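Asker: Coordinates only, no sequence provided:
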């Protein structure tokens, strides 16, 4: 299992808010029977969201075979969420305890196909609003930040889906091309055989 911290949520007092929002986007390639795990160190009250979308690194892989397994464990190694054979997903949780929260992507169910996972990690650090005075400007900034995160997620989803559909179209075109060449070969071979057979059929044999 590979463990790697993707981003560090920086604690800061935000006026009039209950949290500081952060986001990080990443891509990871899962080989056949591969698994990648990552972790974040959270404090009680922190919130984290993981969104992911699966693409194919091989254009010959069917878009119907892009499912992976995904799960999240808390610091006590208790499974908070487990998903099987999913193309995409989203999971949000709030830390109930301080510690390291691990999330994993697994392609272990596939014995031959490599897959690429694009995922975003959103973190909201808990800040007690009573500790800081309210500031309308900070409220608007947070609202805009949330909207930007949603747009980023949607663009990432569209980008990966476009690549999946393009690879599927290219694979289909390639198969049609080779099938057409095979048909041409069969027709050409049949024509040559017929000419040869007719020539032999009408050939005049002389007996000496």
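Answerer: Received it, and whenever you're ready, just let me know what you need. Given the structure is predicted, the values throughout are model-derived calculations rather than measurements.
Asker: which element is residue 28 on?
Answerer: strand 19-30 (DSSP states H and E).
Asker: Show me what secondary structure element comes after the helix or strand bottoming out on mean pLDDT in the chain.
Answerer: One helix or strand of the chain scores below all others by mean pLDDT, DSSP states H and E: strand 19-30, with a mean of 63. Once strand 19-30 ends, the next helix or strand along the chain (criterion: DSSP H and E) is strand 35-42.
Asker: Quick check: next helix or strand after that following strand?
Answerer: strand 47-56.
Asker: what's the neighbour count on residue 94?
Answerer: 12 (other Cβ atoms under 10 Å). Just so you know, the C-beta spots here come from the backbone N, C-alpha and C atoms, and that holds for glycine as well.
Asker: so what's it scoring on pLDDT?
Answerer: Listed pLDDT for residue 94 reads 91.
Asker: what does residue 199 give?
Answerer: So, for residue 199, pLDDT stands at 79.
Asker: Distance check, it against residue 87.
Answerer: 59 Å (Cβ to Cβ, to the nearest Å).
Asker: Comparing those two, which shows the higher neighbour count?
Answerer: residue 87 (18 against 9).
Asker: isn't the more buried one right up against residue 52?
Answerer: No: using Cβ atoms under 8 Å, residue 87 makes no contact with residue 52, being 9.3 Å away.
Asker: contacting residues around stretch 108-117?
Answerer: 27-36, 52-58, 61, 65-69, 85, 105, 107, 160 (Cβ atoms under 8 Å, 6 or more residues apart in numbering).
Asker: if we go to 7 Å?
Answerer: For stretch 108-117, contacts defined as Cβ atoms under 7 Å, 6 or more residues apart in numbering pick out 27-33, 35, 52, 54-58, 61, 65-66, 68-69, 85, 105, 107.
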